[in-house]
Structures are given as C-alpha cells and as structure tokens.
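# Pasting the sequence and the predicted coordinates here, then a few questions.
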Amino acid sequence: MDFGYIASGFAVGLLVGITGVGGGSLMTPLLVFLFGFKPAVAVGTDLLFAAITKTGGVWVHHGTHKSVDWKVVSWLSMGSLPFAVGTIYVIKHLMSIGKETTGLITYSLGIALILTACALLIRSVLMRQHTREIEDVVVSTGRFQQMQIPATILTGAILGVLVTLSSVGAGALGTIAILFLFPKMSTLKVVGTDLAHAIPLTAVAGIGHWSLGHVDFTLLGSLLIGSLPGIWIGSHISARIPEKVLRPVLATLLLIIGLKFVLA
C-alpha cells in the first residue's frame, strides 16, 4: 500500500463528499498527472473504484429512501451496458492489431471532463428550476412521451461509450441526462436513479478493462482505504462550505484539465 495513493483517495473522497462531484472526474486526472499512470490503467482502475464506492449510496437510496426509479434504470442500462461491452471489444480489437489506444482514451477523457465541467456549472440552475414542478409516481413522466423509451436507451448508449472510454460521466453527466429526460422526477429520485444506473455501468466497463490488463489492484485497494473515510467526513462538513464558491472552482479546474487532455 502506498501512502500517496491512500492520501489521494482521501482527498478525492473528501471533495466527493463535499461537492457530490463524481470521483472519476477527479481521480483519473490525478492518477495520470500526479502519479504518471497510463490513461488506460487510470480509467480501468477508477471504473472499479466507482462501482464499489457507489454501491453504498444506492443501498441508502433504495433501502432507506425508496428513491430509485428502476424502470428508468433498466431503459438506460439497455443502451449503456451493450455499448460499454462493444466499446471494450473495439479497444481489444485495436490492441490486437497493434493500434495505439492511448490517444483515443486520452481524447475521450478530455471531452468527458469538459462536458462534466459544463454540467457542474448548469446543474445548480437546472436543480432550481427542477424543484418548481415535480411529481412522485412509480414511473416518472418523460419529456418525449411516445419516444421516451428510445430516447432514454439512446442516452444510455452515449453514456456507456463515454464512461467506458474515460471513466467520467456516470455521475454529473448522468444526472443532467436524467433531469433533461424526466423533468418532473423528484430530485431525490434523480440522484438515486443515477447512482443505481452507474453501478452496473462502471462494473461492466471496469471488468472489461480488467480483462484487457488495465486495472491495478494494489492501487485500487489503496484508493478505497483513503476514499471511504474521506467521503464520510466530506458529507458531514459539506453544509459548512459554500457550494456556490467551491463548485465553480472545481468546474474551472476540470475544464482546464480537459482542455489539456484534448490538446495533448
């Protein structure tokens, strides 16, 4: 176990607990720039890290709050999971014919970070508008009515590709997508549904990267040791830190890092 990895896991967990920003958008760039891991290893390890850390959140949302819309989770998964598997097969094929995949993963990571930064900046606005008109039903009313299921599956497919390539997007981008698709879904249910969808997506994508040799389990264990107490502490002190100040700072940082990946 490396103390640096544990400390990094704690720092990222603390920020996740305070801001709610997905760990992938913070952890993956940290592993690449600070510790020098290859982008593929950083992505693969972070995907399994996300699958494990998000499981506790879903347990709370489903077991305590009953705030997971499983119909929506199933529609998103119908798109995301097959496309995650397909993306892994594409990466495997490129590796088998000797093509370099680092550039593809790096560019995808940059795009995902830029999109996440934009999502952070607009999420608070969407949330304020969202609370004006919500409903509490078993299956939330969608924006596209008859085309709601195909639109949700298509959105899941896009998330599946992006998350598999970058490990970023299952959190902030998933939340924005659900808010857009289901504008009358309660905020608590949006968060719970996004978490419930993120677990199988990150698990499938992470196992796929594991099969390609892109997971460092020593690193994964160290990150978990540090991040779990970090998330717990961050969630308890979040009310004392003004989110309206911290969130734009994080968004700006992610935007700069994303541009660096894209332009590299």
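Structure received. Numbering: from 1, shown residues only.
# Could you list the low-confidence segments of this structure?
Within the chain, the set of residues satisfying pLDDT under 70 comprises 1, 19-22, 56-66, 124-141, 235, 238-245, 264.
# Could you pick out the longest helix of it?
If you go by DSSP state H, the chain has its longest helix at helix 102-130.
# by contact count, what packs against the following helix or strand past that one?
Using DSSP states H and E, the helix or strand that follows helix 102-130 towards the C-terminus is helix 148-166. Counting contacts by 3 or more C-beta pairs under 8 Å, 6 or more residues apart in numbering; DSSP states H and E, helix 148-166 is packed against helix 23-33, helix 39-58, helix 70-96, helix 102-130, helix 172-181, helix 187-211. Where C-beta positions appear, they are placed from N, C-alpha and C, glycine not excepted.
# so which of the ones you listed is the most packed in?
Sort those by mean neighbour count, taking mean count of other C-beta atoms under 10 Å, and helix 23-33 sits at the top with a mean of 25.
# which residues touch it?
For helix 23-33, contacts defined as C-beta atoms under 8 Å, 6 or more residues apart in numbering pick out 8-9, 12-13, 15-16, 37-39, 41-43, 45-47, 49-50, 53, 109, 112-113, 116, 163, 166-172, 219, 223, 227, 254, 257, 261.
# let's see 7 Å
Helix 23-33 is contacted from outside by 8, 12, 15-16, 37, 39, 42-43, 46, 49-50, 53, 109, 113, 116, 167-168, 170, 172, 254, 257, using C-beta atoms under 7 Å, 6 or more residues apart in numbering.
# Which elements pack onto the longest helix of the chain?
helix 23-33, helix 39-58, helix 148-166, helix 172-181, helix 243-263 (3 or more C-beta pairs under 7 Å, 6 or more residues apart in numbering; DSSP states H and E).
# that older thread, can you lay out the helices and strands packed on helix 148-166 as CSV showing distance to residue 2?
Below are the helices and strands packed on helix 148-166 laid out as CSV (distance: least, C-beta to C-beta, whole Å):
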stretch, distance to residue 2
helix 23-33, 12
helix 39-58, 13
helix 70-96, 27
helix 102-130, 23
helix 172-181, 28
helix 187-211, 20
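# wait, which of these is closest to residue 4?
Closest to residue 4 of those, according to C-beta to C-beta: helix 23-33, at 10.5 Å.
# Could you count how many residues lie near residue 5?
Neighbour count of residue 5, defined by other C-beta atoms under 10 Å: 23.
# for it, what are its contacts?
Residue 5 touches 219, 222, 223, counting by C-beta under 7 Å, 6+ apart.
# Quickly find the element holding the closest residue in space to it that isn't next to it in sequence.
Ranked by C-beta to C-beta, 6 or more residues apart in numbering and with sequence neighbours excluded, the top spatial neighbour of residue 5 is residue 222, at 3.6 Å. Per DSSP H and E, residue 222 falls inside helix 217-237.
# most neighbours, which of the contacts of residue 5?
Neighbour max across these (other C-beta under 10 Å) = residue 223, 30 neighbours.
# Confirm for me that that one is in contact with residue 50.
No - here residue 223 does not reach residue 50: they are 10.4 Å apart, not a contact under C-beta atoms under 7 Å.
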